[in-house]
Every structure is written in structure tokens, then in C-alpha cells.
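Asks: Provide a 3D model corresponding to the input given below.
(one chain, ligands or ions: 1)
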Amino acid sequence: MTTANNYKPCDLVIYGALGDLTRRKLLISLYKLDESALLEADTRIIAVDRMPQDTAGYIEIARKSLDEFFSEPLEASVWERLAKRFIYVQVDITDLEQFKKLSKVVDQKSRVMVNYLAIPPMLFSNICKGLQKAKLNTKESRIVMEKPIGHDLASSRVINDTVAEVFSEEQIYRIDHYLGKETVLNLLALRFANSIFTTNWDHNAIDHIQITVAEDIGIEGRWEYFDKAGQMRDMLQNHLLQILTFIAMEPPVNLEAQSIHNEKIKVLQALRPITDYNVEDRTVRGQYAKGYIKGQQVPGYLEEEGANISSTTESFVAMRIDIDNWRWAGVPFYLRTGKRMSYKRTEIVIYFKQLPHNIFKDSYRSLPANKLIIHLQPREGVEIEMLNKIPGIDGAIKLQQTKLDLSFSETFNNQRVFGGYERLLLEAMRGNPTLFISREETEQAWTWVDSILRAWAKLSDKPRAYTAGTWGPNAADALLARDGRTWED
Ligand code: BG6
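Replies: Residues are numbered from 1 along each chain as shown. You can find the predicted model right below:
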């Protein structure tokens, strides 16, 4: 295993160093990595943005961001160490000449240059060209790209092509921060390290699977971005499909990046297309209306700051997905994700099949099937719902549904759980591409999603309104009710 001390120090260049992602997420992750002694002693952080600023000024901004967005108090010695790593370089990314400023700072001899693109994708090409012009695109350097990579297949290809003109696929790290989450990675352990699940993980044993990624927050002042993206592009095309591939893929030959990518791509290729023909049966779009969350009144989507009141962008999606392969034939996957739902909750529920015969039918007409519930966040753990006999000697066997409950925080003694960004930043610096997304995967995911987006565009009805603080529009319940099922709530 790689430790802090056996990877080469880096010059981590963050483009968009004054932007939201850096201030809210990346700086906290870097602080936590430094606190855990996982940043190489000589690693530097080169903060790039277009605003005039010097390093001292940037350090002050970084400190303020940590004070504002990090919930824990900073340890003085860690902060001092981190602060010394920063170098601010003012670069107007639209002017390729300005990348020369970076060549004066970056040390290509004893450090690896890791370029983190925390900026909108339309600027990716400028960065690549600028780096090329300044001869900074050496074989060792890497590019880390944030989603969204395009807004459809065609635009994602344009981005991938332009980046590929300057960097080879091995140098490109496409981030989906869900792949850095401890609990998402635990899916690999759960499935491929436990024999009870290897033999019970297909259409013979499983009835259906539900994946819920619910958020209580709204669009957090990101109208400009979100209204063009919608929940489908913002969450489903990437995070939910990634979770789905982890649940559905065949066992990879090993844990190498290529082996895992190959298996994920096969799942994406087997997703049954949703087109004009079945889009109304298989999908539900919703948009939140005002309501209450944790006792506080919150505005509706169309009342958010900067809103265009005639927007038909969806903030909620539910759908039924079928995977046309040997393992999953006849097992529907129901996915739902939305903003401003009752509370934050990401979970996967595997519903096993009912028993073929019930020997307790004198007392129970039908026995509930077993359920495996995988809590991804905020509570992390795994539960199995099963039937047990209630202790007693009065003749009849009475059953009760009980839970085998493994809470990660209790089992692992509240050991620190690293967040997605921490892990992925570290892996990019270590040069380990396993947890990143390959070009083929993004393009395969876009191919499938594009077909739904095209079908939606032809529908005359708008997304259905749902009150903020609920689990989405009634139509999402009807989607499952049609198959005789209900959501796990
Ligand atoms: C981001 C989306 O990728 O993921 C956001 O752009 C969303 O809209 C966020 O809020 C959710 O991430 P997490 O880690 O809080 O579940």
C-alpha cells in the first residue's frame, strides 16, 4: 500500500482557486490530508485564479474559507504547515501567453505537476493548450477534471478530444467524488469478500433494488449552473450510475483500474434504453415547491435567487432501470434522487425474493422477504432485515422482523472516515487511477442519458411539483406501485 512517504512530492496546481469548489471542499480536504500526515512534506499547492492577488492574500482567503466551511477547529501547527505550501499565481486562462508565469513557478524536476481543473469545462481546452504552449505538458504531469464533463455525449466528446490532444488517457483523472466515499468503496468489499453475497447476488435471489440519493439542500445559489444541468445531469448521469455499476458489475479480475473500468462499462452497455416509447412509464421528473425542512420554511425552485420563473428544469428524478444481461434479467433497479427532500440520505436497498413456500402460514399469510440495506451517508453502515422467533413457550411460533445492524462508527470505533475529495486528491497525487472514470465510461453513460433527455424534451408536460421536505412527487410512488412495490421510506 502507498503511504504518505512513498509517492513523489507534487505541485498541485488548482485552477479556480478562488471558486466555490476550492473554498468549500478542496481546501478542507487538503487540510485533513495534511493533518493526517498524508501530504508529502515537499508538496506545494499552486493556487491559480484570474483575480489580482498575492500569496499572503491567498493564504488569508484560504484561512477564511476554512473558518467558514469547516466544522472543526483548526489545529495551529497543521494550518501553519498547510499555509506554507501555498503559492498564488494570477493567470487569465483565456490568454495562453499567461501560462508562462506558471513555468517560472512549477518544479518539473523533483515534483509531479498535478493540474486540478476546478473550473467550468468550457475552459478545459484553454488550460490544456496553455500548458502545452508553456511546455508544461510533460509525460509525468496529470490532469484532474471535475464533472460535469459536457452536458451531453457530443459536448463531452469535444472536451475529451481537446484534452486528449495534449494529454494521454493515462494522464487524465476524471473525478466523481462518490467514488472516493468510504461506503461506496465498501461495496466492493461487501460483494467480493463475502461468500454469502457472491452466491445470492442475481435474479435467482434478488427481487429488486432501490437506490436513493436524497438531499435536503436546494441549489445553494448555483442557479446559473443547475438550471442548465438539472438533477439528471448533476447527479444521475454520474453519481447514481456509478453506484449502480458497483452494485451490478461482475467480479473484476483484480483491483486494477482497467479491470474495474471494464466491468463497469459492461453494465452501462447493458442498460435497457429509455426512449420516447417508454419514457413516461419509466421516468418521473419533479421540481420542488416551497415547503418546510427541519422546521424552516424554504423557497420553491422557481423562487430561488436568480430564478427564471418559467424554468422546467427537474430537481428530482425517479426511474426504473432494467439491465439486460444474464445476471440481472427481470430485476428492476429503481433510482431516485432529488434536492430539498425530507433529509439527506443515500442508501441502497436490496430486496431479496420471497420464499417459495411458507410453513408458518397458520400465523402469517405471507412472510416479508429479507432486505439488505446499505447506508452510504450520512449514517454509514449495513443492515440485514430478517425474521426471528420471538422467545416463548406458549405453543405457536411467533415471528418478528429484526435487524442485524452494523454501524461503521461503532464497529470501527469512530475511526475517521475520509471524504470523497480527500481520497481522490490523494490518489491523483499518488498516480493511482483506479477510482477515476475512464473516457469510455463517461461516454457510455451519456449515450444512455441522452436518449432520456431527448425523450423528455418532446413531452408536453412539465416536471411535477413536490413540496420541499417530502420524498418527491406522488408520481414517483405510482412508478413503483405499477409494479406492486413501494419505496423504502
Ligand atoms: C455534486 C452536485 O456533484 O454532489 C451537487 O453537483 C450535490 O448538486 C453534491 O449537492 C452532493 O454530494 P454529497 O457528497 O454531499 O452527497
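
Asks: write out the residues of the stretch 101-250 of the chain neighbouring the ligand.
Replies: Contact residues (C-beta under 6 Å from any ligand atom) of the stretch 101-250 of the chain with the ligand: His177, Glu215, Asp234. Quick note: C-beta positions are derived from backbone N, CA and C, even for glycine.

Asks: quick one: the first one and Ala369, what's the gap?
Replies: Meaning His177. When distance is defined by C-beta to C-beta, to the nearest Å, His177 is 33 Å away from Ala369.

Asks: before we move on, back to that, distance to Ala465, pLDDT and secondary structure added to the residues of the stretch 101-250 of the chain next to the ligand, as JSON lines?
Replies: Converted to JSON lines, those look like this (distance: C-beta to C-beta, whole Å; pLDDT from 0 to 100; DSSP: H, G, I helix; E, B strand; the rest coil):
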{"residue": "His177", "distance to Ala465": "30", "pLDDT": "93", "secondary structure": "helix"}
{"residue": "Glu215", "distance to Ala465": "18", "pLDDT": "97", "secondary structure": "coil"}
{"residue": "Asp234", "distance to Ala465": "19", "pLDDT": "96", "secondary structure": "helix"}
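
Asks: okay, these in TSV with neighbour count next?
Replies: Shown next, in TSV, are those (neighbours: other C-beta atoms under 10 Å):
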residue	neighbour count
His177	23
Glu215	18
Asp234	23
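
Asks: quick one: those residues as a markdown table, columns for distance to Gln296 too.
Replies: As requested, those are exported to a markdown table (distance: C-beta to C-beta, whole Å):
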| residue | distance to Gln296 |
| --- | --- |
| His177 | 27 |
| Glu215 | 15 |
| Asp234 | 23 |
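
Asks: over in this protein, which residue gets nearest the ligand? Let me know.
Replies: Closest residue of the chain to the ligand, C-beta to the nearest ligand atom: Asp234 (4.8 Å).

Asks: quick one: secondary structure of the nearest residue to that residue once chain neighbours are set aside?
Replies: Leaving out its chain neighbours, the residue that sits closest to Asp234 by C-beta to C-beta, 6 or more residues apart in numbering is Phe226, at 6.4 Å. The local conformation at Phe226, judged by DSSP: H, G, I helix; E, B strand; the rest coil, is helix.

Asks: tell me who's in contact with Phe226.
Replies: Ile219, Asp234, Thr313, Ser315 (C-beta atoms under 8 Å, 6 or more residues apart in numbering).

Asks: just the strands in the stretch 201-350 of the chain please.
Replies: Using DSSP state E, counting those that start in this stretch, the strands of the stretch 201-350 of the chain run over 206-214, 283-289, 291-293, 296-298, 316-321, 333-338, 345-352.

Asks: Asn254 is nearest to which of these?
Replies: strand 345-352 (24.0 Å; C-beta to C-beta).

Asks: what separates the closest one from the chain centre, distance-wise?
Replies: Relative to the centre of its chain, strand 345-352 is centred 16 Å away, using C-alpha atoms, centre = their mean, to the nearest Å.

Asks: whichever helix or strand comes after it packs against which elements?
Replies: Next helix or strand after strand 345-352 toward the C-terminus (DSSP states H and E): strand 371-377. Applying 3 or more C-beta pairs under 8 Å, 6 or more residues apart in numbering; DSSP states H and E, we find strand 371-377 packed against helix 182-192, strand 345-352, strand 381-389.

Asks: can you do 10 Å?
Replies: Contacts defined by 3 or more C-beta pairs under 10 Å, 6 or more residues apart in numbering; DSSP states H and E place strand 371-377 against helix 182-192, strand 206-214, helix 241-248, strand 345-352, strand 381-389, strand 399-407.

Asks: send the alpha carbons of the fourth one over as PDB?
Replies: This means strand 345-352. The C-alpha trace of strand 345-352 is given here as PDB (Å, rounded to 0.1, in the frame of the first residue of the first chain):
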ATOM      1  CA  ARG A 345     -29.900  10.200   2.900                       C
ATOM      2  CA  THR A 346     -28.000   8.000   0.500                       C
ATOM      3  CA  GLU A 347     -28.900   4.300   0.600                       C
ATOM      4  CA  ILE A 348     -29.200   1.100  -1.400                       C
ATOM      5  CA  VAL A 349     -31.800  -1.400  -0.500                       C
ATOM      6  CA  ILE A 350     -31.600  -4.900  -1.900                       C
ATOM      7  CA  TYR A 351     -34.900  -6.700  -1.700                       C
ATOM      8  CA  PHE A 352     -34.500 -10.500  -1.700                       C
END
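
Asks: other SSEs contacting that strand?
Replies: When contacts are defined as 3+ C-beta pairs under 10 Å, 6+ apart, strand 345-352 packs onto helix 182-192, strand 206-214, helix 241-248, strand 333-338, strand 371-377, strand 381-389.

Asks: chain center to the helix or strand of the chain with the lowest mean pLDDT: distance?
Replies: Lowest mean confidence among the helices and strands of the chain (mean pLDDT, DSSP states H and E): helix 408-411, at a mean of 79. Offset of helix 408-411 from its chain centre (C-alpha atoms, centre = their mean): 23 Å.

Asks: tell me the helix or strand right after it.
Replies: Next helix or strand after helix 408-411 toward the C-terminus (DSSP H and E): helix 420-430.

Asks: in that next one, what counts as buried?
Replies: Residues Gly420, Tyr421, Glu422, Arg423, Leu424, Leu425, Leu426, Glu427, Ala428, Met429, Arg430 are the ones in helix 420-430 that count as buried (16 or more other C-beta atoms under 10 Å).

Asks: minimum pLDDT in those residues, which residue is that?
Replies: Within these, Gly420 has the lowest pLDDT, namely 88.

Asks: who are the contact partners of Ile452?
Replies: Residues near Ile452 by C-beta atoms under 10 Å, 6 or more residues apart in numbering: 232, 236-237, 273-275, 278-279, 282-283, 285, 317, 319.

Asks: so the residue nearest the centre of the chain versus Leu241, what's the distance?
Replies: The residue lying closest to the centre of the chain (C-alpha atoms, centre = their mean) is Tyr178, at 3.0 Å. With distances taken as C-beta to C-beta, Tyr178 is found 10 Å from Leu241.

Asks: shared neighbours of those two, anything?
Replies: Jointly contacting Tyr178 and Leu241 under the rule C-beta under 10 Å, 6+ apart are Met235.

Asks: quick one: average pLDDT of stretch 58-67?
Replies: Across stretch 58-67, the average pLDDT comes to 97.

Asks: now do it: everything it contacts.
Replies: By C-beta under 10 Å, 6+ apart, stretch 58-67 touches 17-18, 20, 22-28, 30-31, 45, 47, 49, 51, 53, 72-74, 79, 82-90.

Asks: out of those residues, which sit inside helices?
Replies: Asp20, Leu27, Ile28, Leu30, Tyr31, Trp79, Leu82, Ala83 (DSSP state H).

Asks: buried ones only from those, please, as a PyMOL command.
Replies: Selection of buried members from the ones in helices among the contacts of stretch 58-67 for PyMOL, criterion 16+ other C-beta under 10 Å:
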select buried, resi 27+28+30+31+79+82+83
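
Asks: out of the ones in helices among the contacts of stretch 58-67, flag the one nearest to Leu187.
Replies: Proximity of the ones in helices among the contacts of stretch 58-67 to Leu187 was ranked by C-beta to C-beta; the top entry is Ile28 with 24.7 Å.

Asks: so who does the closest one touch?
Replies: Each residue near Ile28 by C-beta under 10 Å, 6+ apart is listed here: Thr22, Ser65, Leu66, Phe69, Phe70, Ser71, Glu72, Gly419, Tyr421, Glu422.
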